[in-house]
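Undergrad: here is my input; please provide its structure:
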Amino acid sequence: MATQKKTLEADYSMQEKILALYELQKIDSGIDAINKVKGELPLEVQDLEDEMAGLKTRIDNINAEIEELNTLTKQRKREVDQAKIQIGNYREQQNNVRNNREYDAISKEIEYQELEIELAEKRLKEYSAAVKVKKAALETAAAEAAERETDLNLKREELAGIEAETAPRVAELEAQAETAKQKIDERLIVAYNRIRGNVRNGMAVVTVKRDACGGCFNHIPPQRQADIRQGKKIIVCEYCGRILVADPEELTNE
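TA: Model prediction:
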């Protein structure tokens, strides 16, 4: 494939390559114009998708926290039940003690279990309050997610409609661009793409109009204009770095 491309490149003069670059620029500008119809929609869709992913993560985390609190609640309730059973057993044992020392020891155990119940009940209140806060946060996040999902679906539908409408024309232009590229050296295409990426309006190839660069509008000296019209080499604007070409219509009129 590379050999075939190289052979094709060798069949074209520099002037033909420059004209092909100019045609490629017009084609890409046409694609840019179509993409402008989409406006900020692609970015808006991406932002909403990212926001939805963030909200889903937040909702999952809140649900996990609620589940953990529910697990701790069950654990503390079991501890309370076990402590009450222990207290009941200790009270029965108190009825059968043989001396005060045994009675006092059992009393301390009962007191310890009662403190454990008190602490567990305090924790249960804290868990209950925390669950209420988490559920409120969950409702807020779920409502926000539902709102964002509605916005996202609308944006997606709008974008899909534009893409469906413009897809045939874009495909046609992309095919034309591939044809134009067959006449251009790979290194020129690389340079062209680099310039397009560096300029705000995507215009890497511009014509000289009224003795000025069609990109930055700085004056082009007469001798340099003559070199541009001859089309024997690639000439770039010394001010903005764009590739300069003679206006094909002016060359025809000459």
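Undergrad: how close does the residue nearest the centre of the chain sit to Asn35?
TA: With distances taken as Cα atoms, centre = their mean, the chain has Gln46 as the residue nearest its mean C-alpha position (5.1 Å). Between Gln46 and Asn35 the distance, using Cβ to Cβ, to the nearest Å, works out to 15 Å. In short, each C-beta sits where N, CA and C put it, glycine included.
Undergrad: about what we covered before: residues contacting the residue nearest to the centre of the chain?
TA: Taking Cβ atoms under 8 Å, 6 or more residues apart in numbering as the contact definition, Gln46 lies against nothing.
Undergrad: where's it, which helix or strand?
TA: The secondary structure element spanning Gln46 is helix 41-94 (assigned by DSSP states H and E).
Undergrad: the following helix or strand past that helix vs helix 41-94, what angle?
TA: The C-terminal neighbour of helix 41-94 among helices and strands, as given by DSSP H and E, is helix 100-181. Interaxial angle of helix 100-181 relative to helix 41-94 (axes from the mean of the first three to the mean of the last three Cα atoms, to 10 degrees): 170 degrees.
Undergrad: so where's the stretch 101-250 of the chain uncertain?
TA: Counting by pLDDT under 70, the ranges of the stretch 101-250 of the chain that qualify are 249-250.
Undergrad: how about a cut-off of 80?
TA: Along the stretch 101-250 of the chain, segments meeting pLDDT under 80 span 248-250.
Undergrad: Ala180: what's it in contact with?
TA: Ala180 makes contact with Ala20, Leu21, Glu23, Leu24, Ile27, according to Cβ under 8 Å, 6+ apart.
Undergrad: could you redo the last one with a cut-off of 10 Å?
TA: Contacts for Ala180 were tallied using Cβ atoms under 10 Å, 6 or more residues apart in numbering; they are Leu19, Ala20, Leu21, Tyr22, Glu23, Leu24, Gln25, Lys26, Ile27, Asp28, Ile189.
Undergrad: I'd say the second one and Tyr12 touch.
TA: Read it as Ala20. Yes: taking contacts as Cβ atoms under 10 Å, Ala20 lies within contact range of Tyr12: 7.3 Å.
Undergrad: anything in contact with each of those two?
TA: Each of Gln182, Lys183, Ile184, Asp185 lies in contact with both Ala20 and Tyr12 under the rule Cβ under 10 Å, 6+ apart.
Undergrad: how about these in CSV, adding secondary structure?
TA: Written out in CSV, the entries for the shared contacts of Ala20 and Tyr12 read as follows (DSSP: H, G, I helix; E, B strand; the rest coil):
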residue, secondary structure
Gln182, coil
Lys183, coil
Ile184, coil
Asp185, coil
